[in-house]
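Q: No sequence on hand, only this structure:
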């Protein structure tokens, strides 16, 4: 019984989501498809049928199965239709981070072209939780600062 209780406590501790405070720059990606945020109900239903057909097809391509798996995990975490942002962490890493509509309002008006013209970038400090493999969620944006510098973007 004592071993069972110890095992339960260890599993509980390691299954808890750990929050981390992260500093990063807001970055932009010209073509980005991280969720169905803002999509019409009909569009979402169309893609859900497409993903369902991928799941049922034993001959589906590996990349299609991986995409289906990713969106299925997003759906399981309640992030399928959540807004998201791209972050530049360090010199060579980018990260997609999902957030609530309330937190998204803090950054949604920043425009890549405007920032570049003015030689500005946006520095963020966020409280991030890893929800799953390659799925990160910003529980809170702690600070948003527009400063001098180059805004990172990717095609």
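A: Perfect, thanks for sending it. Here the structure is a predicted model, which is why all the values come from computation and not from measurement. Numbering: from 1, shown residues only.
Q: roughly how far is stretch 105-120 from the heart of the chain?
A: Offset of stretch 105-120 from its chain centre (Cα atoms, centre = their mean, to the nearest Å): 19 Å.
Q: my bad, stretch 53-65
A: Offset of stretch 53-65 from its chain centre (Cα atoms, centre = their mean): 24 Å.
Q: contacts for that stretch?
A: When contacts are defined by Cβ atoms under 8 Å, 6 or more residues apart in numbering, stretch 53-65 is touched by residues 67-68. In this view, the C-beta of every residue, glycine as well, is placed from N, C-alpha and C.
Q: Report the buried residues of it.
A: Going by neighbour count (16 or more other Cβ atoms under 10 Å), the buried part of stretch 53-65 is residue 54.
Q: residue ranges with poor pLDDT in this structure?
A: Counting by pLDDT under 70, the chain contains low-confidence residues at 1-17.
Q: which residues does the residue nearest to the spatial centre of it contact?
A: Centroid check for the chain by Cα atoms, centre = their mean gives residue 97 as the closest residue, at 2.8 Å. Neighbouring residues of residue 97 by Cβ under 8 Å, 6+ apart: 84-87, 126, 128, 136-138.
Q: Strands - which of those land there?
A: 84-87, 126, 128, 136-138 (DSSP state E).
Q: Quick check: the gap between the nearest residue to residue 140 once chain neighbours are set aside and residue 23.
A: Once flanking residues are discounted, residue 140 sits nearest to residue 127: 4.5 Å by Cβ to Cβ, 6 or more residues apart in numbering. Noted for residue 127: a distance of 11 Å to residue 23, by Cβ to Cβ, to the nearest Å.
Q: For these two, indicate the residue with more neighbours.
A: Between residue 127 and residue 23, residue 127 has the larger neighbour count (other Cβ atoms under 10 Å), namely 15 against 12.
Q: got a list of what the more buried one touches?
A: By Cβ under 8 Å, 6+ apart, residue 127 lies in contact with 19-22, 138-142.
Q: can you map out the helices along the chain?
A: All helices of the chain, identified by DSSP state H, fall at 2-15, 41-56, 62-76, 101-104, 112-117.
Q: Residue 71 touches residue 81, doesn't it?
A: No. Here residue 71 lies out of contact with residue 81, judged by Cβ atoms under 8 Å, at a distance of 10.7 Å.
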